[in-house]
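> turn this into a model:
(one chain, ligands or ions: 1)
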Amino acid sequence: MGYEYAVSACLCGKNVRYDGKSKVLSKWKELYDQGKVLLICPEVQGGLSIPREPSEMVGDKIMSRIGVDVTHNFTSGAQEALRMIQEHPSIHTIILKENSPSCGLHYVYDGTFSGTKIEGMGVFARVAIEHGYKVYNEVEAEDIVIG
Ligand code: SF4
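Numbering: from 1, shown residues only. Alright, predicted model coming up:
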């Protein structure tokens, strides 16, 4: 036995988002409560506070809404989340919250802080895929059959 999934902590009801809230989905909260989920939050693991200014991808950097370059927080947090997952060889699948500059899998915000989404991938999502994990966003993950 061991963890079966690593999941964005905000999907499991943890209030780790920039606004101090979560985006809980009952499926993942229940699996977390059953001990099957390792929680990750690359932004908090990279040293950012709760709450925090929202950040968006601007070119190859991550900038906060007030213009602070937080790229190093995102890259170090992604490495820390990866390291934590790699300690659990039973984990092959990672479920991530779409649209986040860390966890977004297919879409991110466009860097103008206007709520506009563009195709793109968050810092941690890219790292997870590069290391061979099966990665799904929360919508795709609804179809995952729990064994
Ligand atoms: Fe959720 Fe990921 Fe953002 Fe943390 S970094 S709040 S886990 S989307």
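
> got the residues of this structure near the ligand?
Residues of the chain found near the ligand (Cβ under 6 Å from any ligand atom) are S8, A9, C10, V16, R17, C41, P42, E43, K97, S100, S102, C103. C-beta here means a position set from N, CA and C on the backbone, and glycine is covered the same way.

> which of the residues you listed fall within strands?
S8 (DSSP state E).

> of all the residues of the chain next to the ligand, which two lie farthest apart?
R17 and P42 (12.3 Å; Cβ to Cβ).

> mind giving me the ChimeraX select for the residues of the chain next to the ligand, buried ones only?
Applying 16 or more other Cβ atoms under 10 Å to the residues of the chain next to the ligand, the buried members can be selected in ChimeraX as follows:
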select :8,9,10,16,17,41,42,43,97,100,102,103
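
> let me see the contact set for the residue nearest the centre of the chain.
Geometric centre of the chain, nearest residue: C103, 3.1 Å, by Cα atoms, centre = their mean. Taking Cβ atoms under 8 Å, 6 or more residues apart in numbering, we find C103 in contact with S8, P42, L96, K97, G122, F124, A125.

> what sits against the closest residue to it other than its chain neighbours?
Nearest non-adjacent residue to C103, counting by Cβ to Cβ, 6 or more residues apart in numbering: L96, 3.9 Å away. Residues near L96 by Cβ under 8 Å, 6+ apart: 7-8, 103-105, 122, 124-125, 128, 135-138.

> again, only this time at 7 Å
S8, C103, L105, A125, V135, N137 (Cβ atoms under 7 Å, 6 or more residues apart in numbering).

> show me where pLDDT drops low in this protein?
1, 145-147 (pLDDT under 70).

> hmm, 80 instead?
1, 144-147 (pLDDT under 80).

> pull the distance from the longest helix seen in it to the chain's centre.
Longest helix in the chain, counting residues (DSSP state H): helix 71-86. On the basis of Cα atoms, centre = their mean, to the nearest Å, helix 71-86 sits 10 Å off its chain's mean C-alpha point.

> give me the contacts around it.
Here helix 71-86 makes contact (Cβ under 7 Å, 6+ apart) with 6, 38, 40, 42-43, 45-48, 61-62, 91, 101-102, 123-124, 127-128, 131.
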